[in-house]
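S.K.: sequence first, then the predicted structure, then my questions.
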Amino acid sequence: MDRNYHVFSDGRIERKDDTLRVVTDDGEKKHIPIEHAEAVFLHGQIDYNTRLIGFLNDHGVAAHVFGWNDRYSGSLMPERGQTSGRTLVEQVRAYDDPDHRRDLAASFVAGSIHNMRANVTYYNGRGHDLSRVITDLDNASERISSGMRVEELLGVEATARRAYYQTFDAVLPEAFALEGREYNPPPNPVNSLISFGNALVYANCVSAIRATALDPAVSYLHEPGERRYSLSLDLADLFKPLLADRVLFRLVNRKQITTDDFRQEVGACLLTEDGRTTYTRAFEETLEETVEHPNLKRKVSYQYLLRLEAYKLKKHLVAGEPYEPFKKWW
Amino acid sequence: MSGECNDQQDPVNRLLATARGDAVANPFRVTGVMMQYYYVCQRELWFASRNLEIDRENSAIVRGTRVDDSSYGDRGEENLRLGMISLDLLEDGRVVEVKPSSALTEPARMQLSYYLWYLDRVAGVERDGVLAHPTERRREDVELTPERAKKVEDAIRKIHEIVSDESPPEPEEKPFCDSCAYHDLCWC
Ligand code: SF4
């Protein structure tokens, strides 16, 4: 699987002969081998030109852009693999059929709750009593039924997530108290980490969807148009506990990230450049972790699990075979 | 009148009408690769008919059935495109098809038979075929006998049935699944 490259500094990204080159404002030059790039993540203030866009396009490499607050602000998406009329028709048809849409939305919620639960059970018994959270998650799971409207399903998901966030306060040190999830802007370090991690999961799902010719704007659990790539939100929910939350727990508990890695700015708590680098490195390492896949009978990376999820959805939509959401099986 | 209507419903006739450029309400095409897939894996045939291409992780894998016949490329051989088929001709005009491995002889033989059938029925040209294996240096002559022609036509009808289906045939694990482009899509 190809790698993600992150650019944190301000400067310029350009095509230089047959490679990508980053020239930072302080004159430092770095090369990115484009053959091995899945996507470039631009976190700083970066200039680029149309020649770069053509070059990224030719190599099927996406560029994900992050703005102030570490918020995802958009992607330059390569053309390749993005057009298949039939796939789009089937995707929209499933959205338009209320039962079909509900079934898919219910699958995403069931998968998300399962994966949250996997994190909770890991910490339960490791010095924490989280049996209440587990019960709450199980109750939420049981409420999912086939006749549920999408708004109700979103409600179930929200309830489950609220219960799940109690795990954060139980597991993390005092300085990383969550005090409720707040997004915009994140008021404290843990909210800031959750937001940043979720944005990385989201952007990686955009890349995964790109490989399938599914349209990232047509979604089932989230309302299309809610954000530009709402299908990415559907998939990202499944993987946040496995990727973003695990990285957060690990880094904070091992004190690799401390309150020194944050700065307060206009009412927002933001990661410093060091903090972002530390988080991103751990996140990328996690994407490269592998697990034995029971059906493929080989090891696959976590990053490839995102890709497989997009394949599964595409197969379901185009071939009519059942869709089983990703549920951590190990 | 009714006979003509029936004719148009038979996939074989529809294919022939399409190939001849007649006005057909719903044209039907079978490529050589589709004929080959029909014998290799019917699920693969269905996926290919839907353009369900995927970029699987190990993209370096090249399927045995798609072994390039470049070992014959410098022998004055000619490539001929004719409607829905594209075939390789030897200097003496015989149609040559490369057999990638002994396990996949029948798919290659049927692909070749389909070319001969197509040449005969569409272009009115009778040709013989050669099934060749570049590494074994062995060749097998293939002729369009009436039995073979019937086998081709039966296969065309079955192919039509498969690709018209809403869903693909169930996956079945085969020895070449590992190197199939659809592997991850099938088994994920
Ligand atoms: S992986 Fe196996 S079953 Fe699936 S399409 Fe390929 S050959 Fe057929």
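M.R.: Okay, I see it.
S.K.: what ranges does chain B have for its helices?
M.R.: B:2-9, B:11-20, B:32-40, B:42-49, B:105-118, B:146-164, B:183-187 (DSSP state H).
S.K.: is chain A within reach of the shortest one?
M.R.: Yes - Helix B:183-187 is in contact with chain A by Cβ under 8 Å from any Cβ of the partner chain, via B:183-185, B:187. Any C-beta I mention is one placed from the backbone N, CA and C, and that applies to glycine too.
S.K.: quick one on the thing from earlier: among the helices of chain B, which is nearest residue A:161?
M.R.: helix B:183-187 (30.5 Å; Cβ to Cβ).
S.K.: against which helices or strands is that closest one packed?
M.R.: Contact here means 3 or more Cβ pairs under 8 Å, 6 or more residues apart in numbering or on different chains; DSSP states H and E; on that basis helix B:183-187 packs against helix A:302-319.
S.K.: counting by contacts, list what the helix it packs on packs against.
M.R.: Helix A:302-319 is packed against helix A:85-96, helix A:189-210, helix A:230-239, helix A:273-288, strand A:290-293, helix B:183-187, with contacts defined by 3+ Cβ pairs under 8 Å, 6+ apart.
S.K.: what about that helix, distance to the chain center?
M.R.: Here helix A:302-319 is found 15 Å from its chain centre; the criterion is Cα atoms, centre = their mean, to the nearest Å.
S.K.: just want the angle from it to helix A:230-239.
M.R.: For helix A:302-319 against helix A:230-239, the angle by axes from the mean of the first three to the mean of the last three Cα atoms, to 10 degrees is 130 degrees.
S.K.: about what we covered before: can you lay out the helices and strands packed on helix A:302-319 as CSV showing mean pLDDT?
M.R.: Shown next, in CSV, are the helices and strands packed on helix A:302-319 (pLDDT from 0 to 100):
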stretch, mean pLDDT
helix A:85-96, 92
helix A:189-210, 95
helix A:230-239, 97
helix A:273-288, 96
strand A:290-293, 97
helix B:183-187, 92
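S.K.: in CSV, list those along with mean neighbour count and distance to residue B:79.
M.R.: What follows is these, written out as CSV (neighbours: other Cβ atoms under 10 Å in any protein chain shown; distance: least, Cβ to Cβ, whole Å):
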stretch, mean neighbour count, distance to residue B:79
helix A:85-96, 15, 30
helix A:189-210, 25, 35
helix A:230-239, 25, 42
helix A:273-288, 18, 44
strand A:290-293, 14, 40
helix B:183-187, 22, 30
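S.K.: the ligand: which of the ones you listed is closest?
M.R.: Proximity to the ligand (Cβ to the nearest ligand atom) singles out helix B:183-187 among these, at 3.4 Å.
S.K.: quick one: is the closest one near the ligand?
M.R.: Yes - judged by Cβ under 6 Å from any ligand atom, helix B:183-187 and the ligand are in contact via B:183, B:186.
S.K.: at the geometric centre of chain A, which residue sits there?
M.R.: With distances taken as Cα atoms, centre = their mean, the residue of chain A nearest its centroid is residue A:201 (1.5 Å).
S.K.: quick one: contacts for that residue?
M.R.: A:236, A:239-240, A:243-244 (Cβ atoms under 8 Å, 6 or more residues apart in numbering or on different chains).
S.K.: repeat that for residue A:29.
M.R.: A:21-23.
S.K.: try 7 Å
M.R.: Contact analysis of residue A:29 by Cβ atoms under 7 Å, 6 or more residues apart in numbering or on different chains lists A:21, A:23.
S.K.: what bridges to it?
M.R.: residue A:23 (DSSP bridges).
S.K.: and the residues of helix B:183-187 next to chain A, which is closest to residue A:261?
M.R.: Among those, and counting by Cβ to Cβ, the member closest to residue A:261 is residue B:184, at 38.0 Å.
S.K.: the closest one reaches residue A:311, doesn't it?
M.R.: Yes - with contacts counted by Cβ atoms under 7 Å, residue B:184 reaches residue A:311, the gap being 6.2 Å.
S.K.: outline the domain layout of chain A.
M.R.: Domain assignment for chain A by automatic domain parsing gives A:3-66, A:85-319.
S.K.: rebuild the contacts of residue A:201 as CSV, extending it with distance to residue A:304.
M.R.: Converted to CSV, the contacts of residue A:201 look like this (distance: Cβ to Cβ, whole Å):
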residue, distance to residue A:304
A:236, 16
A:239, 12
A:240, 17
A:243, 13
A:244, 17
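S.K.: and which of those residues is nearest to chain B?
M.R.: Closest approach between these and chain B, by Cβ to the nearest Cβ: residue A:239, at 15.0 Å.
S.K.: any idea which of the domains of chain A is most buried?
M.R.: Highest mean neighbour count among those (mean count of other Cβ atoms under 10 Å in any protein chain shown): domain A:85-319, with a mean of 19.
S.K.: that one near the ligand anywhere?
M.R.: No - against the ligand, domain A:85-319 shows no contacts by Cβ under 6 Å from any ligand atom, the least distance being 10.4 Å.
S.K.: how many neighbours does the residue nearest to residue B:97 when sequence neighbours are not counted have?
M.R.: Leaving out its chain neighbours, the residue that sits closest to residue B:97 by Cβ to Cβ, 6 or more residues apart in numbering or on different chains is residue B:112, at 3.9 Å. Residue B:112 has 28 neighbours, counted by other Cβ atoms under 10 Å in any protein chain shown.
S.K.: so what pLDDT did residue B:112 get?
M.R.: On the pLDDT scale, residue B:112 is placed at 96.
S.K.: and it, what does it touch?
M.R.: Counting by Cβ under 7 Å, 6+ apart, residue B:112 has contacts B:95, B:97, B:129, B:131, B:142.
S.K.: and the second one, how far is that from residue B:175?
M.R.: This points to residue B:97. 21 Å (Cβ to Cβ, to the nearest Å).
S.K.: and the angle from the helix or strand harbouring residue A:153 to helix A:230-239?
M.R.: Using DSSP states H and E, residue A:153 falls within helix A:150-171. Orientation of helix A:150-171 against helix A:230-239 (the same axes, to 10 degrees) gives an angle of 40 degrees.
S.K.: off-centre distance for helix A:150-171?
M.R.: 17 Å.
S.K.: quick check: which ranges of chain A have low pLDDT?
M.R.: Within chain A, the ranges that satisfy pLDDT under 70 run A:1, A:80-83.
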